[in-house]
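Colleague: Quick check, what structure comes out for this input:
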Amino acid sequence: MKPSKSAFSKYQLFVVAILGLIQFTVILDFMVLSPLGAFLMPELRISSSQFGLVVSAYAFSAGASGLLAAGFADLFDRKKMLVFFYMGFIIGTLLCGIATDYHFLLIARVVTGLFGGVISSICFAIITDLFDLSVRGRVMGVVQVAFAGSQVLGIPVGLFLANHWGWHAPFLMIVAFGVATVLVIAIGLKPIAEHLKIVREHNAIQHLIKTFSVKSYLMAFATTILLATGGFMLMPFASTFMANNLQISATQLPFVYIVTGVFSMIAGPLVGKLSDSVGKYKVFCYGSILGMLMVFVYCNLGITSLWVVMVVNVLLFVAVSSRMIAATTLMTAVPQAKDRGAFMSVNSSVQQISGGIASAISGLIVVRTESGVIKHYDTVGYIVVFTMLVCIAMMYFINRHLSRPKNLYTA
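Modeller: Residues are numbered from 1 along each chain as shown. So this is what the prediction gives:
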């Protein structure tokens, strides 16, 4: 079923498209919470640390579910796993859309995370099952367009709905989109069960334990911890920082996300092709260097004109996309075929848990004054820059390990 280096079949194009739509809704569910912070904090009368907990609640529950699902991830048809967890994600998002207070919303985020946290790992396992490593960067580039698409389409629409009908409306929008998507999955996606033919020597618990015993896997998990730090530390307070520190108005804020998203959507597929042609690790390094520079600049801005904020955001998100596309593609090559689902689940779990910790730490560092101004955001930026620097070194060892022919698990 794996394509040649030059072309994808119509069905494979459908798979890429549907996985992109799934990622769009899951990423949007997380990302829309950041710009809604400007609505949530005053309306629910919660502090920056409480808002940080709302963000991290999803991450912690997603991490827990990833660990619980890891032992069983390679024991079922991936399509069935995808439909089950995606439907649970939709239910959790619906609860967010009808939440009436802080504690209700907190519980709703936990439910959403329990199901949503496993979805990305299933999608990446499907990509690894169906596409060879030589073209996987292109696939990841297209699927990662969902990240940018959530800004271009989802976040501006979400802000528009929140401005007119309250902060519940964006979650209800995601539910409607999710219901339509799950119907397409159920009808159009074929069973993905080739991995079930592999003879296994372990039960679910032993399979999970074995996943934690492989040195190359542990190195990948450690790298993922640092990769997650950047987004989870900066993003929860990004819109509040732009609104109050940079003086970007509520009407201008959607345009920042739209412009940033459009450029990221263009860059995603290009970066994916580039990573396949010049090398994943090189693209990761270039993206990291640009990212470190932009994080330093962004977190130290004062009152800034709209066009400067747009330029900085575009460069920052293109850098982030470059890092994530290259890193995710490399990570898919780490596990053996028999461990693929378990590895992806654990890796996703580690990402969510570390991201939740990072978000909570960010909430403790950042202080929102009575006037709404965010203090110590620059400190968060310095931490993110440091983790990016360490990640370059860690990804070097992963790339060197994968360069050995015997370690290229592309079956």
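Colleague: tell me the contacts of Phe60?
Modeller: 110, 113, 352-353, 356 (Cβ atoms under 8 Å, 6 or more residues apart in numbering). No exception for glycine: its C-beta is placed from N, CA and C like everyone else's.
Colleague: Report how many residues lie close to Arg129.
Modeller: Quick fix: residue 129 is Asp, not Arg. Neighbour count for Asp129, taken as other Cβ atoms under 10 Å: 20.
Colleague: quick one on the thing from earlier: please narrow the contacts of Phe60 to those residing in strands.
Modeller: Among the contacts of Phe60, none falls in strands (DSSP state E).
Colleague: Buried only: go through those residues for me.
Modeller: 110, 113, 352-353, 356 (16 or more other Cβ atoms under 10 Å).
Colleague: got the contacts of Phe60 as TSV, with distance to Gly71 and pLDDT columns?
Modeller: Listed next are these as TSV, based on distance: Cβ to Cβ, whole Å; pLDDT from 0 to 100:
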residue	distance to Gly71	pLDDT
Val110	21	92
Gly113	19	89
Gln352	17	74
Ile353	17	78
Gly356	21	73
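Colleague: from those residues, which is closest to Leu306?
Modeller: Distance to Leu306 across the contacts of Phe60 (Cβ to Cβ) is lowest for Gly356, with 32.3 Å.
Colleague: Now do the contacts for that closest one.
Modeller: 55-60, 62-63, 232.
Colleague: Report the distance from the strand or helix carrying Gly291 to the chain centre.
Modeller: Per DSSP states H and E: Gly291 is located in helix 280-299. Averaging C-alpha positions (Cα atoms, centre = their mean, to the nearest Å) puts helix 280-299 17 Å from its chain's average.
Colleague: what angle separates the helix or strand just after that helix from helix 280-299?
Modeller: Sequence-wise, the next helix or strand downstream of helix 280-299 (DSSP H and E) is helix 306-332. On the basis of axes from the mean of the first three to the mean of the last three Cα atoms, to 10 degrees, helix 306-332 is oriented at 150 degrees to helix 280-299.
Colleague: just how off-centre is helix 306-332 within its chain?
Modeller: The answer for helix 306-332 is 12 Å, by Cα atoms, centre = their mean.
Colleague: Packing partners of that helix?
Modeller: Applying 3 or more Cβ pairs under 8 Å, 6 or more residues apart in numbering; DSSP states H and E, we find helix 306-332 packed against helix 102-130, helix 133-143, helix 145-149, helix 215-234, helix 253-278, helix 280-299, helix 377-402.
Colleague: Of all the residues in it, which ones are buried?
Modeller: Buried-residue list, helix 306-332, by 16+ other Cβ under 10 Å: 306, 309-332.
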